[in-house]
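Engineer: Below are the sequence and a predicted model for it; my questions follow.
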Amino acid sequence: MALKTLSVKVNLIALLFTALSGSLQAADEMTFWDTPQHGGNSFNRLPPSQEYFDALSNYGASWVRLSYDKWLPLQQDFLIGNADHYKGLVSEDLETLKSTLERANKAGLKVVIAPLTLPGMRWSQNNNGKFDDRLWRDKKYWTQSAAFWRDLALVLKHNPGVAAYNIINEPAPEKNGGLAEHSKLADALIWYRSQKNTARDLPAFYQMIINAIREVDPLTPIMVDGGWYGSANGFNYWPAALDDTRVLYSFHMYEPYSATSGPNLIREKQYQYPGIVPFAQGEEEWNAQRVAMHLQQPFEWAEVHGIPISRMVAGEFGCIRMLPGCRKYLQDVLTVLDKRKAHWAFYSFREDNWDAMDYELGKKKVPWSYWKAMEQKKPDTLQRQSTPEFEPISLRLRNNVK
């Protein structure tokens, strides 16, 4: 009887220790996001090397937003096997992801995992350039996406350095659903009421995925992008915050896209920043004040719904490095984020299959060796260095060094 009593006491102590350990782990994970964190996006075609992560860390970055969808998959789609029908994680792909996370952790970088593909939503560049809308038309893909995230969270919940799960990069359930990009708030609210509880209900989709993750992982923070490709006004029509205190709300900033994007390079007469640029259904003058006005939207939405600034993240921002106004644009965006004390991750760090936002390359064209390495599926060997184009970012990263 005495032995039985002792056994019960030992078990109770073990349970108490486990609970306390879980509380400490939860506090640690969320504490990372309690102060402004600055980092970069990694959307490379090859799993990044130790040198890559060390270089980002040496600049002063504290985190990296990591996408794996360009990596060579064992089956059709990396990690999930086939976006047409999810049947389980691909173990070989999972080992590649885990070893990459180990390298990032060794460099002292926290990682936010950011898939570009979910069941029923294959990333367009892996889908012959076609936008895949199935996830937003049929809730059977919601169920498969929940199963995928439950499986992945179960495997990664104790992985050191994973700072958040970013459920999906740049969702756009509105795209084929009847709501124009950059619509007026009144129109967006009417649209959402008509779509509530359908497969295009983005907040409801997120809540389902969050609930699935929490079945196996109650601790790891979860990041969600707003609608219309993570636009700064992508949360505006949401009626409330999601039902989870460990959620981070992410927005992306490339507006005015007509000026900051690649097609502007080949126009006979380029749009300038600052300058008058097409936007929504008209033209507007974009400058530091207009950038600030656009970026205030997610913060105003957060304030209305009682979400702390520390839970708001500029998950991506950038412009084509060759454009004359790019440095000014980066400076204007970062000035707003500095003022808000927001988390941010620039796009992108040393991308090995698209050089246009690789600011360490300055304004020069990349040599043929860059494209040859891509064709041969070999590592990119270009030498990088800090440049005037990178300074708006690099100076702030340097100030982030502990």
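Structural biologist: Structure received.
Engineer: for residue 382, what are its contacts?
Structural biologist: Residues in contact with residue 382, defined by C-beta atoms under 8 Å, 6 or more residues apart in numbering, are 361, 366-367, 369-370. For glycine as for every other residue, the C-beta is placed from the backbone atoms N, C-alpha and C.
Engineer: Which of the residues you listed ranks first by neighbour count?
Structural biologist: Highest neighbour count within the contacts of residue 382, by other C-beta atoms under 10 Å: residue 361, with 22 neighbours.
Engineer: ok, the residue nearest to that residue when sequence neighbours are not counted to residue 118 distance?
Structural biologist: Nearest in space to residue 361, with sequence neighbours left out and distances taken as C-beta to C-beta, 6 or more residues apart in numbering, is residue 355 at 6.0 Å. Here the criterion is C-beta to C-beta, to the nearest Å. By it, residue 355 lies 28 Å from residue 118.
Engineer: quick one, which of those two is more surrounded?
Structural biologist: residue 118 (28 against 21).
Engineer: For that one, give me the backbone phi and psi.
Structural biologist: The phi/psi pair for residue 118 (degrees, to the nearest 10) reads phi -130, psi 170.
Engineer: Was I right to think it contacts residue 135?
Structural biologist: Yes - Residue 118 lies in contact with residue 135 (C-beta atoms under 8 Å); the separation is 6.1 Å.
Engineer: can the contacts of residue 382 go into a markdown table with extra columns for pLDDT?
Structural biologist: Formatted as a markdown table, those follow (pLDDT from 0 to 100):
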| residue | pLDDT |
| --- | --- |
| 361 | 97 |
| 366 | 95 |
| 367 | 95 |
| 369 | 94 |
| 370 | 96 |
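Engineer: of all these, which two lie farthest apart?
Structural biologist: Distances among the contacts of residue 382 were taken as C-beta to C-beta; the most separated pair is 361 and 369, at 12.9 Å.
Engineer: Would it be right to say that residue 39 lies in a helix?
Structural biologist: No - counting by DSSP: H, G, I helix; E, B strand; the rest coil, residue 39 is not found in a helix; it is strand.
Engineer: burial of it, as a residue count?
Structural biologist: 27.
Engineer: all helices for this structure, in order.
Structural biologist: Under the criterion DSSP state H, helices of the chain are mapped to 2-32, 50-59, 91-106, 140-156, 185-195, 202-214, 227-230, 257-260, 288-304, 326-340, 368-375, 391-399.
Engineer: Mutual contacts of residue 118 and residue 135, please.
Structural biologist: Counting by C-beta under 8 Å, 6+ apart, the residues touching both residue 118 and residue 135 are 141, 145.
Engineer: picking that back up, okay, the helices of the chain, which one's buried deepest?
Structural biologist: Greatest average neighbour count among the helices of the chain goes to helix 227-230 (a mean of 24), per mean count of other C-beta atoms under 10 Å.
Engineer: So which elements touch that helix?
Structural biologist: Here helix 227-230 touches strand 247-253, going by 3 or more C-beta pairs under 8 Å, 6 or more residues apart in numbering; DSSP states H and E.
Engineer: contacts for stretch 177-191?
Structural biologist: Taking C-beta under 8 Å, 6+ apart as the rule, stretch 177-191 contacts 136, 174-175, 195, 200, 228, 231, 233, 236-237, 279-281.
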